[in-house]
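*Asks:* Would you be able to build a 3D model of this:
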Amino acid sequence: MKSSYQQGGVDNTRTKILLSSMSAMVAESTTFPIDLIKTRLQLHGESLSSSRPTGAFRIGLDIIREQGPFGLYKGLSPAILRHLFYTPIRIVGYEHLRSVISADNGSPSIISKAVVGGISGSMAQVIASPADLVKVRMQADSRMMSRGLQPRYSGPFDAFNKILQAEGFQGLWKGLAATSLSCPADVVKTRMMNQAAKKEGNVLYSSSYDCLVKTVRVEGIRALWKGFFPTWARLGPWQFVFWVSYEKFRKFAGLSSF
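*Replies:* All right, here's what the predicted structure looks like:
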């Protein structure tokens, strides 16, 4: 039988998972239009050296004009689904790993905390990557709709099903190799995730490295920083909304702050 201390720890962990998920949903919903614009920028002019330049504000206005304000939330459901796994694993996983290190060696060093943060973040990204893939595909669908084309997916579950049928189980992790780096890799990740399975010889990119090389060769080195401004602009608001919401939820649940 579990002691009351152990049971309390389990209950606290479950509560933290729930609260971090709820806080992530609030933050994601608040800042999602910026993420959509980032994805559209990263896909703009894909392997077309003659494409006309565009910016974040122009893309945002185009989306509103063509699809209305709700067009800015295309792909929100898989984005929220992703954070139901990613954020709790990252936040709660970090706390648990940090506690294990503290129990053995006292207060962990900055390096130990960084390693623990990297491990928990990597685990969270691997598990949440399929939802991230679906989010990117659905965000790219809004671009197809603006061109008068039929969207590939009717919803997140339809996207999961079609990806599994057409690309196999491993297809849900396209672009995971590129997520270990920063903005240039995020461009590569977005393009790899958006690339639907095609017959051999017709795919645009054969690997993340091939995507990197072709992007630079055709569009120039600056193409690797497409979407940098909305990516940067989203970081602050997302973290602010998340942590404020998290602390409010913790207070409501009667949990102490960090």
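*Asks:* From now on I want contacts and neighbour counts done on CA atoms only, so please keep to that.
*Replies:* OK.
*Asks:* isn't residue 60 right up against residue 39?
*Replies:* No - using CA atoms under 8 Å as the test, residue 60 is too far from residue 39 to be in contact (11.3 Å).
*Asks:* who has more neighbours, these two?
*Replies:* The residue with more neighbours, out of residue 60 and residue 39, is residue 39; 26 against 19, by other CA atoms under 10 Å.
*Asks:* ok, now which ones touch the more buried one?
*Replies:* Remark: with contacts taken as CA atoms under 8 Å, 6 or more residues apart in numbering, residue 39 is in contact with 136, 139, 140, 190, 227.
*Asks:* mind running it again at 7 Å?
*Replies:* The neighbours of residue 39, taking CA atoms under 7 Å, 6 or more residues apart in numbering as the test, are 139, 190, 227.
*Asks:* Would you check that the first one makes contact with residue 74?
*Replies:* Think residue 139. Yes - when contacts are counted by CA atoms under 7 Å, residue 139 is listed as touching residue 74 (5.7 Å).
*Asks:* In terms of packing, which of these two has more residues around it?
*Replies:* residue 139 (25 against 22).
*Asks:* Phi and psi next, for the more buried one.
*Replies:* Torsion angles at residue 139 (phi, psi; degrees, to the nearest 10) stand at phi -70, psi -40.
*Asks:* Which positions in the strand or helix carrying residue 132 come out as buried?
*Replies:* When elements are assigned from DSSP states H and E, residue 132 belongs to helix 110-146. Within helix 110-146, the residues that qualify as buried by neighbour count (16 or more other CA atoms under 10 Å) are 113, 116-117, 119-122, 124-125, 128-143.
*Asks:* helices or strands next to it in the packing?
*Replies:* Helix 110-146 sits against helix 4-43, helix 76-105, helix 156-167, helix 183-194, with contacts defined as 3 or more CA pairs under 7 Å, 6 or more residues apart in numbering; DSSP states H and E.
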